[in-house]
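Novice: fold the following, please.
(chains A, B, C and D)
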2 protein chains.
Amino acid sequence: MSSTVFAMGSKEEAVPVPPWRKSRKPAPIRRQLSQDLIVETGLRVLDAEGLDALSMRRVAQELDTGPASLYAHVANKEELLELVYDRVLGEIRLPERDPGRWKDQLRAYALEVYRVLNKHADVARAALANIPTGENSLRTGEFVYGLMVEAGMPPREAALCLDRLSLYLIGDAYEGSVHISRLRASDMSTPEEYFTAFATQIADYYRALPRDRFPYLVEHIDDLIAADGEERFRYGLELLLDGIESRMP
Amino acid sequence: MSSTVFAMGSKEEAVPVPPWRKSRKPAPIRRQLSQDLIVETGLRVLDAEGLDALSMRRVAQELDTGPASLYAHVANKEELLELVYDRVLGEIRLPERDPGRWKDQLRAYALEVYRVLNKHADVARAALANIPTGENSLRTGEFVYGLMVEAGMPPREAALCLDRLSLYLIGDAYEGSVHISRLRASDMSTPEEYFTAFATQIADYYRALPRDRFPYLVEHIDDLIAADGEERFRYGLELLLDGIESRMP
DNA sequence: TTCTTGATACGAACACTGTTCGTTACGAAC
DNA sequence: GTTCGTAACGAACAGTGTTCGTATCAAGAA
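Specialist: Model (predicted):
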């Protein structure tokens, strides 16, 4: 897609600089920076080390340059995060719209978003603060909105549904990314190990609570921590879909 | 509630320091710091200047001391934010549970949370990253969970409902706080001014989009930006409540 | 070909951030 | 009256986003 990763390593060996050349720098080889390259590098750092590690300096270092060089291609860090986020949204695959199966398609869409956002864990933490203005935000928005309008929902109400569904998708991903972040911070290796450790920790804490003040929480701890992330996501999704269905003319 | 704001000003006049005392500082008056005082100050800064302005140094400055002094009462900034958040949740008023009216009570609860979180705008931005472990998180959780179980919902499913409803409440507040943050950053004074400026900006942008790629978005811009924050919140809330109702035995 | 121009790269610096270290000074217990 | 744990705190460290001024290049103009 992006054609900017050429000229990184030249096969020709660099000619040693003549000593009489008065240039201070031994070999100030100009890198070919570009927005695409910077965004791609940012995403790589984000996936590998998390949002906290994603600084302008870190990205610059990855490109063998200084932080100031990035500002020629990116207004500021906020814009970089938006670009990274939209790049991730680009991985969302959309089917042909079929209004007759709007509920199935909406469910499949939500699960696809879930998949993509959980693949690039920390990106959601940078996403909830955004107004949908990127290329791919628009693309997915058009899909959902068009699907609902074609299915017969009044445009005004379809707008509300789009808004609330999007909030749910990003909100859930955000919550998930917090856990990923903690998993990274801890010394656990596998997600399962983290999950069980986390669950028992919460369970122990709840069990130690005063039973007279929190009778229901203490009584049903096991039920409270039973479901994993995906089951929670699916349940909330069905709640929303059923609510929408009951409003569909 | 918190009994820690005494001894701030003593009636006795401070005795002048004898010149032969080798102490460098003229009058190193010790402040009486405490966790409550720090949390309260943090909340005050948060409300007045937003989350970005809430630094350890800012809080310390407000208390006429250095940042290091805070660490005797608060483990780190993250803990401070959790404490501030839970303090805000303490403002949530809960009624007597009445399982027969569970839907009304759940709606009223959600609106109460909406009110409190929007009152302290930026706190939501510090909240979504939290596991519900504070005093008041538990208090509200016990209320909602107890209400649903008493209304007849299986404990396992009630846990899922509690989880999803909480996510919705915090997620929406987070989104709102982002707008508050932008309102603060801009030079607008009234929220209405910001709202209309923002709406027209989005509308103009959408109108300029290629109609062949985004036909539905371009066609129905006015519908897309019609609803304000509270209307959106209420709509999503009703979606969830109806979904829950259809699952209630 | 030479000169000019406009954009890009980038070193250095600024004003911040959260946090830690080592020291000081106090209130209370012995 | 002395000791002692602990709260307060000055200074510093390592890191952040961002800006300024300068150096360097590719390409267009004379």
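
Novice: for the rest of this, base every contact and every neighbour count on C-alpha atoms.
Specialist: Will do.

Novice: now look at the top helix by length along chain A and say if it contacts DNA strand C.
Specialist: The longest helix of chain A (DSSP state H) is helix A:155-185. No: Helix A:155-185 lies out of reach of DNA strand C by Cα under 7 Å from any atom of the strand, never closer than 13.1 Å.

Novice: what's downstream of that helix, the next helix or strand?
Specialist: Per DSSP states H and E, the first helix or strand lying C-terminal to helix A:155-185 is helix A:191-207.

Novice: which element follows that following helix toward the C-terminus?
Specialist: Next element after helix A:191-207 (DSSP H and E): helix A:215-219.

Novice: which helices and strands does that next one pack with?
Specialist: helix A:191-207, helix B:135-150 (3 or more Cα pairs under 8 Å, 6 or more residues apart in numbering or on different chains; DSSP states H and E).

Novice: what secondary structure does the residue nearest the centre of chain A sit in?
Specialist: Nearest to the geometric centre of chain A sits residue A:123, at 3.0 Å (Cα atoms, centre = their mean). Recorded secondary structure, residue A:123: helix (DSSP: H, G, I helix; E, B strand; the rest coil).

Novice: so who does it touch?
Specialist: Neighbouring residues of residue A:123 by Cα atoms under 8 Å, 6 or more residues apart in numbering or on different chains: A:46, A:51, A:84, A:85, A:117, A:177.

Novice: now it: how far from DNA strand D?
Specialist: Computed as Cα to the nearest atom of the strand, to the nearest Å, the residue A:123 to DNA strand D distance reads 14 Å.

Novice: apart from its neighbours in sequence, what residue is nearest residue A:147?
Specialist: residue A:99 (5.7 Å; Cα to Cα, 6 or more residues apart in numbering or on different chains).

Novice: residue contacts, that neighbour?
Specialist: Counted by Cα under 8 Å, 6+ apart, residue A:99 has contacts A:147, A:148, A:150, A:151.

Novice: and the helices and strands packed on helix A:215-219 as JSON lines, adding mean neighbour count and mean pLDDT?
Specialist: Below are these laid out as JSON lines (neighbours: other Cα atoms under 10 Å in any protein chain shown; pLDDT from 0 to 100):
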{"stretch": "helix A:191-207", "mean neighbour count": "15", "mean pLDDT": "88"}
{"stretch": "helix B:135-150", "mean neighbour count": "20", "mean pLDDT": "96"}
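
Novice: tilt between the lowest-mean-pLDDT helix or strand in chain A and helix B:135-150?
Specialist: Taking mean pLDDT, DSSP states H and E as the measure, chain A has helix A:191-207 as its least confident helix or strand, at a mean of 88. For helix A:191-207 against helix B:135-150, the angle by axes from the mean of the first three to the mean of the last three Cα atoms, to 10 degrees is 90 degrees.

Novice: now helix A:191-207 - C-alpha only, CSV.
Specialist: Only the C-alpha atoms of helix A:191-207 are listed here, as CSV (Å, rounded to 0.1, in the frame of the first residue of the first chain):
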residue,chain,number,x,y,z
PRO,A,191,-2.7,-14.1,29.0
GLU,A,192,-4.2,-17.0,30.8
GLU,A,193,-1.8,-16.8,33.6
TYR,A,194,-2.6,-13.1,34.0
PHE,A,195,-6.3,-13.7,33.8
THR,A,196,-6.3,-16.4,36.5
ALA,A,197,-4.0,-14.3,38.7
PHE,A,198,-6.2,-11.3,38.3
ALA,A,199,-9.4,-13.2,38.9
THR,A,200,-8.2,-14.8,42.1
GLN,A,201,-6.9,-11.5,43.3
ILE,A,202,-10.3,-9.9,42.8
ALA,A,203,-12.0,-12.8,44.3
ASP,A,204,-9.9,-12.8,47.4
TYR,A,205,-10.4,-9.1,47.8
TYR,A,206,-14.2,-9.4,47.5
ARG,A,207,-14.3,-12.3,49.9
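
Novice: show me the contact partners of it.
Specialist: A:183, A:188, A:217, A:218, A:221, A:222, A:225.

Novice: and of those residues, the nearest to DNA strand D?
Specialist: Closest approach between these and DNA strand D, by Cα to the nearest atom of the strand: residue A:183, at 19.8 Å.

Novice: which pLDDT value belongs to that closest one?
Specialist: We have a pLDDT of 83 for residue A:183.

Novice: ok, now residue A:1?
Specialist: Confidence score, pLDDT, at residue A:1: 38.

Novice: one more: the one 4 residues further on?
Specialist: Per-residue pLDDT puts residue A:5 at 30.

Novice: how about residue A:124?
Specialist: Note on residue A:124: pLDDT of 90.

Novice: thinking again about what came up before, out of the contacts of helix A:191-207, who's nearest residue B:61?
Specialist: Comparing the contacts of helix A:191-207 against residue B:61 with Cα to Cα places residue A:183 closest, at 34.4 Å.
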